[in-house]
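Trainee: give the three-dimensional model of this entry:
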Amino acid sequence: MTVRIDPEENEIRALKGVTDWHGKRVLEIGCGDGRLTRRLVRLGAVIHASDTDAGLIAKARKNLPKQFAKNIHYSVGQAERIDQPNESLDVVVFAWAL
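Mentor: A predicted model of the protein is given here:
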């Protein structure tokens, strides 16, 4: 059985109301397998997504559509150690990670 999370896209509608994502530099903490990451990139964001689980990052990279490869960068990391220069991000997303 396939599980579909948010088939009505309520999550993405809510996120659209937060900001204009087009061209925004986004850090997604706790990206898991990249489900939300792929939704955000479709809104025009450039995303640096990280998770502590190397297996989930491998799965996210495997499922990354080629057309988004330039706009999504996955890495294994911790929220306590963000490897991004100061003032290099516009938005930080920390959702569904706890």
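Trainee: now the residue most central in space within the chain: how far from residue 28?
Mentor: Centroid check for the chain by CA atoms, centre = their mean gives residue 37 as the closest residue, at 2.8 Å. Applying CB to CB, to the nearest Å, the value for residue 37 to residue 28 is 6 Å. C-beta coordinates here come from the backbone N, C-alpha and C atoms, glycine included.
Trainee: spit out the residues that contact those two alike.
Mentor: Any residue near both residue 37 and residue 28 by CB atoms under 8 Å, 6 or more residues apart in numbering counts here, and that gives 47, 49.
Trainee: first-to-last residue distance for stretch 67-83?
Mentor: 25 Å (CA to CA, to the nearest Å).
Trainee: give me the mean pLDDT for it.
Mentor: What stretch 67-83 shows for mean pLDDT is 89.
Trainee: quick one: buried residues of that stretch?
Mentor: Judged by neighbour count using 16 or more other CB atoms under 10 Å, the buried positions of stretch 67-83 are 68, 71-72, 74, 77, 82.
Trainee: kindly report the same for stretch 45-58.
Mentor: 45-51, 56-57.
Trainee: how long is stretch 12-28 end to end?
Mentor: Stretch 12-28 has its terminal residues 14 Å apart, counting by CA to CA.
Trainee: among the buried residues of stretch 45-58, which two are most distant?
Mentor: Spatially, the most separated pair among the buried residues of stretch 45-58 is 46 and 56, at 20.6 Å (CB to CB).
Trainee: what's the offset of stretch 41-52 from the middle of its chain?
Mentor: When C-alpha coordinates are averaged (CA atoms, centre = their mean, to the nearest Å), stretch 41-52 and its chain have centres 3 Å apart.
Trainee: hmm, who's touching that stretch?
Mentor: 12, 15-16, 21-32, 34, 37, 40, 57, 60, 68, 71-78, 84, 89, 91.
Trainee: can you check stretch 57-73 too?
Mentor: 31-34, 37-38, 41-42, 45-51, 74-76.
Trainee: out of these, which sit inside helices?
Mentor: Mapping the contacts of stretch 57-73 onto helices (DSSP state H) picks out 37-38, 41-42.
Trainee: what's the closest of those residues to residue 2?
Mentor: Looking at the ones in helices among the contacts of stretch 57-73 and their distance to residue 2, the nearest is residue 38, at 16.2 Å (CB to CB).
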